[in-house]
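1. sequence and predicted model, in that order:
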Amino acid sequence: MFSFAFSKSLTQKTLEKTITSSTINRFISKFTLIDTKGNKTEIEFDPEEENSLLDIVLEKGIESIHHSCNGGFACGDCHVYVQPDKFSKLLPAEDDEKDCLSVAKDLKQNSRLACGLIMNSDAVDLVIEIAPYRK
Ligand code: FES
């Protein structure tokens with residue numbers, strides 16, 4: 001009787017540990033940012049917060065995305081390319097972003113502005129490449 005109770009208790013502890021571990025892992029979401037030199041950085045974010053890409057990278061102290069208007073849709077410096085096969089699954093650009101992006105250099109079908117790109121659950125595991133900076 002005692003050994004059965006001990007065994008069950010140990011199994012419960014193992015199960016609880018497993019559940020806790022998998023629960024925590026479920027909330028750690030990442031995307032990959034590729035800078036203009038080809039360096040890749042995996043960045044963790046919380047998709048529930050629905051922050052912009054620019055806000056997330058600045059909060060992490062990453063300064064590889066230019067942003068002279070600080071997210072005001074006025075400079076176009078924060079031009080990025082998103083993974084083409086996921087482009088249509090992301091929240092679409094609002095009019096302010098579209099207007100600013102329309103004058104960006106090196107525009108592609110998968111161009112977005114980091115200050116307009118909302119990083120929600122559709123952006124989990126997304127690969128984003130920073131466009132060349134030209135002024
Ligand atoms: S930071 Fe200026 S348009 Fe995004």
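-> Looks like it arrived, so ask away.
2. quick check: the residue nearest in space to the middle of the chain vs the ligand, distance?
-> The central residue of the chain, meaning the one whose C-alpha is nearest the mean C-alpha position (CA atoms, centre = their mean), is Phe31 at 4.4 Å. Noted for Phe31: a distance of 17 Å to the ligand, by CB to the nearest ligand atom, to the nearest Å. Bear in mind the C-beta positions are built from the backbone N, C-alpha and C, glycine included.
3. secondary structure element holding that residue?
-> strand 29-34 (DSSP states H and E).
4. can I get that strand in PDB? Just the C-alpha atoms.
-> Backbone C-alpha positions of strand 29-34 (Å, rounded to 0.1, in the frame of the first residue of the first chain) are rendered in PDB as follows:
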ATOM      1  CA  SER A  29       7.000  32.400 -29.400                       C
ATOM      2  CA  LYS A  30       9.800  33.400 -31.700                       C
ATOM      3  CA  PHE A  31      10.500  35.000 -35.100                       C
ATOM      4  CA  THR A  32      13.700  35.400 -37.000                       C
ATOM      5  CA  LEU A  33      15.200  38.700 -38.000                       C
ATOM      6  CA  ILE A  34      17.800  38.900 -40.700                       C
END
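5. ok now do the residue nearest to the centre of the chain, which residues does it touch?
-> Phe31 sits next to Glu42, Ile43, Phe45, Met119, Ala123, Val124, Asp125, Leu126, Val127, Ile128 when contact means CB atoms under 8 Å, 6 or more residues apart in numbering.
6. for the fifth one, what are phi and psi?
-> If I follow you right, that is Ala123. Ala123 adopts backbone torsions of phi -100, psi 0, taken as degrees, to the nearest 10.
7. neighbours of it, just the number please.
-> Residues lying near Ala123 (other CB atoms under 10 Å) number 24.
8. ok, now the third one?
-> Applying the criterion other CB under 10 Å, we find 22 residues in the vicinity of Phe45.
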